[in-house]
Each structure stands twice: as structure tokens, then as C-alpha cells.
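> Structure here, sequence nowhere to be found:
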Ligand SMILES: Nc1nc2c(ncn2[C@@H]2O[C@H](COP(=O)(O)OP(=O)(O)OP(=O)(O)O)[C@@H](O)[C@H]2O)c(=O)[nH]1
Ligand SMILES: [Mg+2]
């Protein structure tokens with residue numbers, strides 16, 4: 001595939017295509033290349049070739065799916081997922097271990113992590129899946145591109161911009177976890193904070209250190225959870241206390257969505273429902289199916 005006289009977008013996609021290590025990434029690149037390929041007589045053949053390749057690759061992916069293999073090295077995505085990514089030695093595995101209570105290998109040597117690993121943490125009744133991954137440029141692209149939130153762990157200012165090259169195709173929310181702040185003095189931290197705020201106004205970042213203790217870890221969990229745009233809903237039976245485990249729903253979900261998630265078809269059988277918490281005008285307010293729920297609501301209902 002000659003790329004002369006092609007747009008920069010095409011050329012970049014073609015470069016990525018050759019670097020890609022799985023079919024899902026190749027498909028994404030090819031789709032860009034096809035979109036960018038000029039649609040005139042002289043490039044007709046090229047376009048045909050690209051389309052053929054795309055068709056073949058899509059066929060492969062279907063076969064892989066049938067064989068039960070996911071593109072992301074067998075990682076089954078949970079309802080909410082954060083992938084820890086970044087350059088080597090920034091401290092991803094250290095943070096992964098702190099979040100999940102697991103004991104993956106941490107070391108001063110570069111590229112210690114050579115396989116993605118799954119863990120979970122609980123945040124106020126919700127289970128969040130955490131994935132520790134290989135460092136750039138050996139990262140699992142499909143994982144980075146398909147996750148909900150990328151926790152980009154950095155220990156140097158320059159890594160923020162440098163990470164862009166590996167994450168620009170991802171639709172995930174991005175949180176920069178500025179790690180190892182124990183190595184900076186308070187003056188340096190203030191300077192860094194000012195720099196981050198002025199240069200990247202919309203950048204979501206958090207300072208962290210394995211030595212910040214429990215408070216820092218709780219703040220990090222809160223930040224990760226906040227990035228998902230989901231709400232936690234607890235259910236209760238009359239005269240009993242609410243469930244400990246939360247049901248996770250998209251922000252803006254109605255009561256109907258909640259009961260349908262519990263059991264398909266159940267919304268047709270609701271006799272009476274009440275809500276306590278942020279979406280209620282008063283505790284125990286009677287609601288209908290179209291009531292919009294808010295984070296940390298407690299719902300109670302009777303069925304016919
Ligand atoms: N001072 C300090 N050192 C840290 C902190 N977090 C991690 N480290 C050290 O940084 C080194 C790399 O940590 P890892 O967690 O293995 O880094 P990684 O990003 O997983 O790196 P690879 O998997 O090897 O690519 C280790 O020597 C850690 O002890 C921190 O908050 N402060
Ligand atoms: Mg690691």
C-alpha cells in the first residue's frame with residue numbers, strides 16, 4: 001500500500017496499522033485509511049485492496065469471538081474498569097497492589113510487568129475492576145482503547161505529553177496519576193500544580209505517592225470512581241435495611257431501568273415504589289417508573 005500523496009491522518013493510520021499487534025487495532029486503522037483514501041479513479045484499486053483487507057480482518061475477529069477469545073488477551077471487562085498505563089517504572093504495579101490488595105512484582109528494573117493482570121477494589125458498595133498492564137510502548141492497545149478510564153501513571157512532567165502518542169485513539173476518560181510526590185518538596189509540588197493547572201486547564205490529575213497512606217488511596221479511588229459517570233443504587237425491602245452491594249447504572253437512569261436490570265419485565269409488575277436519598281424530595285417519596293435516580297439513592301418496591 002503506497003502512502004505517497006496521502007493525508008497525514010492516512011499516513012499515521014498506516015504506520016499504526018503496521019505496528020498493531022491484533023486484529024481489532026488493525027481494523028480501526030484500516031477504517032481510518034479507507035475514510036482518508038481519495039475517492040477518484042487513480043486510487044480505485046487501492047481502495048479496493050483496503051476494503052478487501054478490512055473484510056478479511058473482520059471475518060477473523062468474528063472467528064476469534066466464536067472461539068471464545070477476546071482481543072484483549074482474555075480479559076473480560078467488568079461493568080466499570082480502569083486500566084493503569086504509562087511509561088516504565090512510573091509505579092503502575094505499586095498502585096495496582098495498593099488499590100487491589102494483591103501482590104504483583106514491583107521493581108526498579110524497567111518493564112517488570114510483562115502481562116496484564118486483573119484485580120478489583122470496592123468503593124462504597126461498588127466493585128471496580130483494575131488492570132495493571134505493560135508499559136508504553138509494549139502496552140496492550142486494544143485494552144487501552146476499549147477501557148472506561150485510563151489511569152495514566154506518570155512520575156515526570158514530560159510523560160504527560162509523551163503519553164498522548166499511545167492513548168490518542170482511546171475514548172476512555174483520562175486521569176493522570178502523578179506518582180512519587182514523596183520525592184518532591186512542598187515548594188516543588190506547588191510549582192508543579194500551578195504548571196499543570198495553567199498549561200492543561202481541563203486535565204484531570206491527582207498527586208499520589210505510595211507513602212501518602214490511606215487518605216491518598218481513598219482520594220484516588222474516589223477520583224477513579226467519579227470518572228465513570230455511573231450511579232450506585234441500593235435496594236431495600238420494606239422495614240429492612242438497604243443492600244450493601246450497589247447496583248451500578250448509567251447517570252440519568254430511571255427507576256424503570258433499575259428494576260429492569262434486576263429482572264427483565266419486572267417494570268410491568270411494580271405496584272408501589274419509594275425512594276430515599278439524593279433524588280427524593282423527602283425520605284420515602286412515592287415514585288413512578290420515569291423517576292430519575294441519583295447516586296446513592298435507596299429504592300424500595302412492591303410487585304403485583
Ligand atoms: N519514591 C517512590 N518510589 C515509588 C513509588 N511508587 C513506586 N515506586 C518505585 O518505582 C519503581 C517502579 O515501580 P513499579 O510499580 O514496578 O513500576 P511500573 O510502572 O509497574 O513499571 P514496569 O511494570 O516495570 O514497567 C519501584 O522501585 C518502586 O518501588 C512512590 O510513590 N514513591
Ligand atoms: Mg509494573
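Structure's in. What do you need? From a predicted model like this one, the values you see are computed outputs, not experimental measurements. Ligands and ions are numbered 1, 2, ... in the order given.

> Residue 221: what's it in contact with?
Contacts for residue 221 (Cβ atoms under 8 Å, 6 or more residues apart in numbering) come out as 99, 121, 123, 128. C-beta coordinates here come from the backbone N, C-alpha and C atoms, glycine included.

> Would you agree it falls within a helix?
Yes: membership of residue 221 in a helix is supported by DSSP: H, G, I helix; E, B strand; the rest coil.

> Assign a three-state SS to whatever residue of the stretch 101-250 of the chain ends up closest to ligand 2, would you?
Taking Cβ to the ion, ligand 2 has its nearest neighbour within the stretch 101-250 of the chain at residue 113, 3.1 Å off. Going by three-state DSSP, the secondary structure assigned to residue 113 is coil.

> Hmm, residue 104 and it touching each other?
Yes: between residue 113 and residue 104 there is a contact under Cβ atoms under 8 Å: 7.1 Å.

> and for the two, which residues touch both?
In contact with both residue 113 and residue 104: 93, 132, using Cβ under 8 Å, 6+ apart.

> Comparing these two, which shows the higher neighbour count?
More crowded of residue 113 and residue 104, by other Cβ atoms under 10 Å: residue 113, with 20 against 16.

> Run through the residues that contact the more buried one.
By Cβ under 8 Å, 6+ apart, the residues touching residue 113 are 92-93, 104-105, 132-135.

> Just the pLDDT for the residue lying closest to residue 31 once chain neighbours are set aside.
Nearest in space to residue 31, with sequence neighbours left out and distances taken as Cβ to Cβ, 6 or more residues apart in numbering, is residue 54 at 6.9 Å. Per-residue pLDDT puts residue 54 at 90.

> try residue 46
For residue 46, the model assigns a pLDDT of 89.

> hang on, it is in a helix, isn't it?
Yes: assignment of residue 46 by three-state DSSP places it within a helix.

> thought it was touching residue 36?
No: Residue 46 lies out of contact with residue 36 (Cβ under 8 Å); the separation is 11.3 Å.

> how is this protein carved up into domains?
Using automatic domain parsing, the domains assigned to the chain come out as 8-66, 81-226, 230-303.

> For the worst-scoring helix or strand of the chain on mean pLDDT, buried residues please.
Least confident helix or strand of the chain, by mean pLDDT, DSSP states H and E, is helix 44-66 with a mean of 82. Neighbour-count burial for helix 44-66 flags 46, 50, 53-54, 57, 61 (criterion: 16 or more other Cβ atoms under 10 Å).

> Now render the residues you listed as a markdown table, adding distance to ligand 1.
Formatted as a markdown table, these follow (distance: Cβ to the nearest ligand atom, whole Å):
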| residue | distance to ligand 1 |
| --- | --- |
| 46 | 39 |
| 50 | 35 |
| 53 | 33 |
| 54 | 33 |
| 57 | 30 |
| 61 | 29 |
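
> from the residues you listed, which is closest to ligand 2?
Of all the buried residues of helix 44-66, residue 61 has the smallest distance to ligand 2: 28.7 Å, by Cβ to the ion.

> How about the closest one: what's its closest non-neighbour residue?
Residue 61 sits nearest to residue 23 (Cβ to Cβ, 6+ apart), 5.2 Å away.

> Count the residues that sit near the one you found.
Neighbourhood size, residue 23 [other Cβ under 10 Å]: 19.

> do residue 41 as well
7.

> about what we covered before: least reliable of the domains of the chain by average pLDDT, please.
domain 8-66 (a mean of 83).

> Spell out which helix or strand contains residue 225, please.
Using DSSP states H and E, residue 225 sits in helix 213-226.

> If you could redo that for residue 122, that was the one I meant.
In this structure, residue 122 sits in strand 117-123 according to DSSP H and E.
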